[in-house]
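Asks: Let's see this in three dimensions:
(chains A and B)
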Amino acid sequence: MSFRHSMTWLHTWSGLVLGWLLYFMFVTGSTGYFDEEILRWMQPEIPLQESSISASEFIETAERRLDQVATNATETYIELPLGRSPFFSIWWHEAATPETGPRGLWHNEKLNPNTGKPVITRETEGGEFLYRLHYALHYIPGWLAYALTSLAAMFMLVAIISGVIIHRRIFKDFFSFRRNKQRSWLDLHNLFGVLPLPFHLMITYSGLMLLMFSTMLPVPASSYGVGEGLRAIYDEVFTEHESRSATGVSINSKPTVSLYKDALKRSDGGLINYVAIKHPGDKNAVIEMGVLADEGIDQHKPIHYDGVSGDLYEPEEDPSEHSPAKSFYDTMEILHEGLFARPLLRWLYFLSGLMGAGMMATGSLLWAVNRRKKHTVSGAGLRGLALVDRLNLGTILGLPIAIAAYFWANRLLPVDLASRAHWEMNSLFIVWGLALIHPFLRWKKTSLKNLWCEQLLFATSVYALIPVLNAATSEHHLGKALVHGDWVMAGFDLSMLVLAMCFAIAAHKLRRRIPILGTANSAAGVSA
Amino acid sequence: MMISSFSLCLLGLCLLSLATKRNRKNALPNFIKLSLLQTRALKYFGFACLIATALVLAGAKGLSLGLVYLAAWVTLAALTQALLLSYQPRGVPLLLGASLTAAVISLALKV
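Replies: Next up, the predicted model:
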């Protein structure tokens, strides 16, 4: 077997073995780039900011509320509805006690941007759930999920590298998608793999690296032991070091609003989207203004003030922050999560993620198509292949349908339902299960092509009706959101319509172009 | 400098796509047979545009964010090219002209 042949074998099997899991990780991970926007849509109780309230007024309102609820806080945090964040909310941290646990407890309250009063929102995990799914999965212990997703990422890395080696004409075929040809699936697979290749390499390598403390435990354990020793080194490396400790001496802090105005002048028109106060009311209080960074991959370039004198304050630098290993780890983490990305770059992250999902989907379909050709020539049975075909359908289309079901459940489940957030999550998996069963229930009655069309049309309907559902169950319908420039709500509804359109086009093309080659057992419906 | 960098990237990929015989056949109404030197010139100009994109982005956004944008721009521009070559190959020369004009104007305006 030549080197290229052995690499082809490696590419096929490393991509295929955990291909459906990788597809799941790409889809859910991509939605994670809009986790805050999804959460905003899933909490329609939060009113639209109708009056033009200045950031200073927001800060004063938030401080009044913090004075009422956060009397013993060791740290407070005001999130302003500026920049990407659509929320006006406050956070406060209570010190460690037997009631709050060994690390203390963070509390969060969302405030009405018009009145400053707390807003009671429905219980939901929002986009954070979809984001967490891509590495922590669901219903299984964390260690097992990390092991599985890490293994999948390792297979993916092997598949990418071997894919580049076997792709003989990588530059010549860079733009090639030959429609209606035998090679269509291969061209599409190559396009989805090669165009965002830097993204695929970065996301896979960094993903693998971010989970290394779970999956490569023996390495740090050999140096630091397990249990307390390992915990101590994790805390040292990953916990933010306090440059100032509380003295216990109470003193009035400098008014935050005046410091905010000063920070605005220093930031050259940059947006400040959070204000954090460490040790509020203490002699050693520090006030941090979160200025959104214009350059580089850091999300913020914070400005610090001494909370009592109001002078600029430079926190002592933590030497471990500058070690090459830590800097590399941090850079990879920042690149993976894309928190620094402004809207355009965020959309391109999302698009690249979807192309990754497309690469996995077309890879699985391509394997089935090639397998079918071999079986046709050899005359061997197609039972195993038929199983793969149905699972391909249930996974590739079932997952987006299940995600739509998650959004539907958010609006249809009673607001006061016990464990509501869990039922939203369960809805996703129940519907996905049904989508997986559907091809098996109907496989003797219709062709595989029709099964694909049925799920595509169903996906079209559930996505197209989400804006209607939004209009029926909240005050933030698409028309109102567009008129008020509420781009988070409008963007969500419009994205759902675009997705619906994509599914509709796919259904139309599938119905028109691909011939029906018999009923399900022919299993040939999706080959092009 | 975002418009100029994207226009340069698009221009570079247009030139690179026209450097291959198959794409030239589909994109140009009258197929032009180019000499080896001419094909190489298209390639070199194409790569030069991509290098210029990287330099413009690094200057505007810093090295780290500039590289992230470069990867994003190349993906988006290549996807545009691929779609055009697959569905409207005759649009490639138009895109070449449009991206060249946009690159010159946006570089002059520094946008």
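
Asks: Nearest residue to residue 84 in space, please, no chain neighbours.
Replies: Picking chain A for this. Using Cβ to Cβ, 6 or more residues apart in numbering or on different chains and skipping the chain neighbours, the partner closest in space to A:Arg84 is A:Glu36 (6.6 Å). For every residue, glycine as well, the C-beta is placed using N, CA and C.

Asks: not what I meant, chain B
Replies: Skipping the residues right next to it in sequence, B:Leu84 comes nearest to B:Gly91 by Cβ to Cβ, 6+ apart, at 5.0 Å.

Asks: what are the phi and psi values for the residue nearest to A:Arg84?
Replies: phi -70, psi -40 (degrees, to the nearest 10).

Asks: measure it to A:Trp106 for me?
Replies: For A:Glu36, the distance to A:Trp106 under the criterion Cβ to Cβ, to the nearest Å works out to 17 Å.

Asks: Tell me who's in contact with the residue in the stretch 351-500 of chain A positioned nearest to chain B.
Replies: In the stretch 351-500 of chain A, the residue found nearest to chain B is A:Ser352; the distance is 5.9 Å by Cβ to the nearest Cβ. Contacts for A:Ser352 were tallied using Cβ atoms under 8 Å, 6 or more residues apart in numbering or on different chains; they are A:Pro196, A:Phe199, A:His200, A:Ile203, B:Ala72, B:Thr75.

Asks: Stretch B:31-44 close to chain A?
Replies: No - judged by Cβ under 8 Å from any Cβ of the partner chain, stretch B:31-44 and chain A are separated, with a smallest distance of 9.5 Å.

Asks: May I see the buried residues of that stretch?
Replies: When burial is assessed from 16 or more other Cβ atoms under 10 Å in any protein chain shown, stretch B:31-44 yields the following buried residues: B:Thr39, B:Leu42, B:Lys43.

Asks: Please list the residues of chain A that sit near chain B.
Replies: Counting by Cβ under 8 Å from any Cβ, the residues of chain A near chain B are A:172, A:174-179, A:191, A:195-196, A:198-199, A:202, A:295-297, A:331, A:335, A:340-341, A:344-345, A:348-349, A:351-352, A:355.

Asks: which residues touch the worst-scoring helix or strand of chain B on mean pLDDT?
Replies: Least confident element among the helices and strands of chain B, by mean pLDDT, DSSP states H and E: helix B:21-27 (a mean of 87). Defining contact as Cβ under 8 Å, 6+ apart, one finds that helix B:21-27 is touched by A:Phe175, A:Ser176, B:Ser17, B:Leu18, B:Phe31, B:Ile32, B:Leu34, B:Leu85, B:Pro89, B:Arg90, B:Val92, B:Pro93.

Asks: Could you give me the ChimeraX syntax to select whichever of the residues you listed are buried?
Replies: One line in ChimeraX is enough to select the buried ones among these; burial here means 16+ other Cβ under 10 Å:
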select /A:175,176 /B:17,18,85,89,92
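
Asks: What residue, apart from its backbone neighbours, is nearest A:Lys254 spatially?
Replies: Using Cβ to Cβ, 6+ apart and skipping the chain neighbours, the partner closest in space to A:Lys254 is A:Gly310 (3.9 Å).

Asks: meant to ask about A:Asn108, not that
Replies: With Cβ to Cβ, 6+ apart as the criterion, A:Asn108 has its nearest non-adjacent residue at 5.1 Å, and that residue is A:Trp91.

Asks: quick one, phi psi at residue 2?
Replies: Since no chain was named, I'll use chain A. Per-residue torsions, A:Ser2: phi -70, psi 170 (degrees, to the nearest 10).

Asks: contacting residues for residue 72?
Replies: Just so you know, I chose chain A. A:Glu94, A:Ala95.

Asks: The intended chain is chain B.
Replies: By Cβ under 8 Å, 6+ apart, the neighbours of B:Ala72 are A:Phe199, A:Leu345, A:Leu348, A:Tyr349, A:Ser352.

Asks: hang on, isn't the second one packed against B:Leu70?
Replies: No - in this structure, A:Leu345 is not within contact of B:Leu70 by Cβ atoms under 8 Å, at 11.4 Å.

Asks: The residue nearest to A:Arg84: how many residues sit nearby?
Replies: Summarising burial for A:Glu36: neighbours were counted as other Cβ atoms under 10 Å in any protein chain shown, giving 15.

Asks: contacting residues around A:Leu157?
Replies: Counting by Cβ under 8 Å, 6+ apart, A:Leu157 touches A:Thr204, A:Tyr205, A:Leu208.

Asks: who wins for neighbours among these?
Replies: Sorting the contacts of A:Leu157 by how many neighbours each has (other Cβ under 10 Å) puts A:Thr204 first, at 24 neighbours.

Asks: Now do the strands in the stretch 151-300 of chain A.
Replies: The residue ranges that make up the strands of the stretch 151-300 of chain A, judged by DSSP state E, counting those that start in this stretch, are A:272-278, A:286-291.

Asks: export those strands to CSV and tack on mean pLDDT?
Replies: Rendered in CSV, the data for these read as follows (pLDDT from 0 to 100):
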stretch, mean pLDDT
strand A:272-278, 93
strand A:286-291, 94
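
Asks: now the ones you listed in a markdown table, with mean neighbour count?
Replies: Conversion of those to a markdown table gives the following (neighbours: other Cβ atoms under 10 Å in any protein chain shown):
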| stretch | mean neighbour count |
| --- | --- |
| strand A:272-278 | 22 |
| strand A:286-291 | 23 |
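
Asks: quick one on the thing from earlier: tell me the buried residues in the least confident helix or strand of chain B?
Replies: Under 16+ other Cβ under 10 Å, the buried positions of helix B:21-27 are B:Asn23, B:Arg24, B:Asn26, B:Ala27.

Asks: what element comes up after that helix heading to the C-terminus?
Replies: Using DSSP states H and E, the helix or strand that follows helix B:21-27 in sequence is helix B:36-61.

Asks: Give me every residue in chain B lying close to chain A.
Replies: Those residues of chain B that sit near chain A, judged by Cβ under 8 Å from any Cβ, are B:2, B:13, B:16-17, B:20, B:22-23, B:61-62, B:64-65, B:68-69, B:71-72, B:74-76, B:78-79, B:81-82, B:85-87.

Asks: Counting only strands, which of these make the cut?
Replies: Taking DSSP state E as the definition of strands, the residues of chain B next to chain A contribute nothing to them.

Asks: of these, buried ones?
Replies: Among those, those scoring as buried are B:13, B:16-17, B:20, B:23, B:61-62, B:64-65, B:68-69, B:71-72, B:74-76, B:78-79, B:81-82, B:85-86 (criterion: 16+ other Cβ under 10 Å).

Asks: Skip the chain neighbours and tell me the closest residue to A:Leu186.
Replies: Once its chain neighbours are removed from consideration, A:Leu186 has its nearest residue in A:Leu366; the separation is 6.0 Å (Cβ to Cβ, 6+ apart).

Asks: Okay then, goodbye and thanks.
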